[in-house]
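1. with the sequence up front, the predicted model follows.
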Amino acid sequence: AQSVSQHNHHVILSEAASLELGCNYSYGGTVNLFWYVQYPGQHLQLLLKYFSGDPLVKGIKGFEAEFIKSKFSFNLRKPSVQWSDTAEYFCAVNAPGGGADGLTFGKGTHLIIQP
Amino acid sequence: GAGVSQSPSNKVTEKGKDVELRCDPISGHTALYWYRQSLGQGLEFLIYFQGNSAPDKSGLPSDRFSAERTGGSVSTLTIQRTQQEDSAVYLCASSLMAGGSYEQYFGPGTRLTVT
């Protein structure tokens, strides 16, 4: 079974700072990787996803993530954060053809951006 | 177009009572997923449907939990003899197809409180 580890549970940054949120997964086979975001009072929504190809993927709102297979990592980055990026961020993994098809989520990172 | 809808948005019930939670997926989406979000456990995958069938029920927390989907559309998650540890936000998601490579769109959730 796969598992996902997010190293930072709470992150506080000032506006314009750079962001990197760590995500490591545990699964020996091919995986699909996702970052979801949950803004206060809103639904979970997809930020970006990696299925195959270029390991550097770009998502919405200036976010990007890099898949490093050798490190089983899929870290989320943004060069300059804004106050509106305050939210909960979840890394998730899915093993295609693995049977369950549900996403396995990390515990989440609560990001607070101070103006 | 309309997103995933869930009802009720909030449900308070007494310990020992049965509850039924409803999910209406995006029209045309054949795959439907149930998750549970709680403080202690984070986001947990419970069960998914491809059409009306649920290939794997092993993610359901106990035999008090059941889910069904009829007509390939609406799904209900039923919890019998509720316990306080069932208190959580129950999220539903749908995707065009199952198989891991399709984006899952999440609903707003049902917040269940067992007193």
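-> Alright, I've got the coordinates.
2. residue of chain A closest to chain B, please.
-> Distances between chain A and chain B by Cβ to the nearest Cβ are smallest at A:Gly102, namely 3.2 Å. No exception for glycine: its C-beta is placed from N, CA and C like everyone else's.
3. sec struct for that residue, please.
-> coil (DSSP: H, G, I helix; E, B strand; the rest coil).
4. that one: neighbouring residues, count only.
-> 24 (other Cβ atoms under 10 Å in any protein chain shown).
5. so how many other residues sit close to residue 26?
-> By default, I'm working from chain A. Residues near A:Ser26, counting by other Cβ under 10 Å: 13.
6. could you do chain B instead?
-> 18.
7. the closest residue to it other than its chain neighbours in helix, strand or coil?
-> Distances taken as Cβ to Cβ, 6 or more residues apart in numbering or on different chains place B:Ser94 nearest to B:Ile26, at 5.1 Å, with adjacent residues excluded. Assigned state for B:Ser94: strand (three-state reduction, three-state DSSP).
8. hey, what's B:Ser94 bridged with?
-> B:Leu32, B:Tyr105 (DSSP bridges).
9. how far away is it from chain A?
-> 12 Å (Cβ to the nearest Cβ, to the nearest Å).
10. check contacts around that residue.
-> B:Val4, B:Cys23, B:Pro25, B:Ile26, B:His29, B:Ala31, B:Leu32, B:Tyr33, B:Gln104, B:Tyr105 (Cβ atoms under 8 Å, 6 or more residues apart in numbering or on different chains).
11. please redo it, this time with the cut-off set to 6 Å
-> With contact set as Cβ atoms under 6 Å, 6 or more residues apart in numbering or on different chains, B:Ser94 has these partners: B:Val4, B:Pro25, B:Ile26, B:His29, B:Leu32, B:Tyr105.
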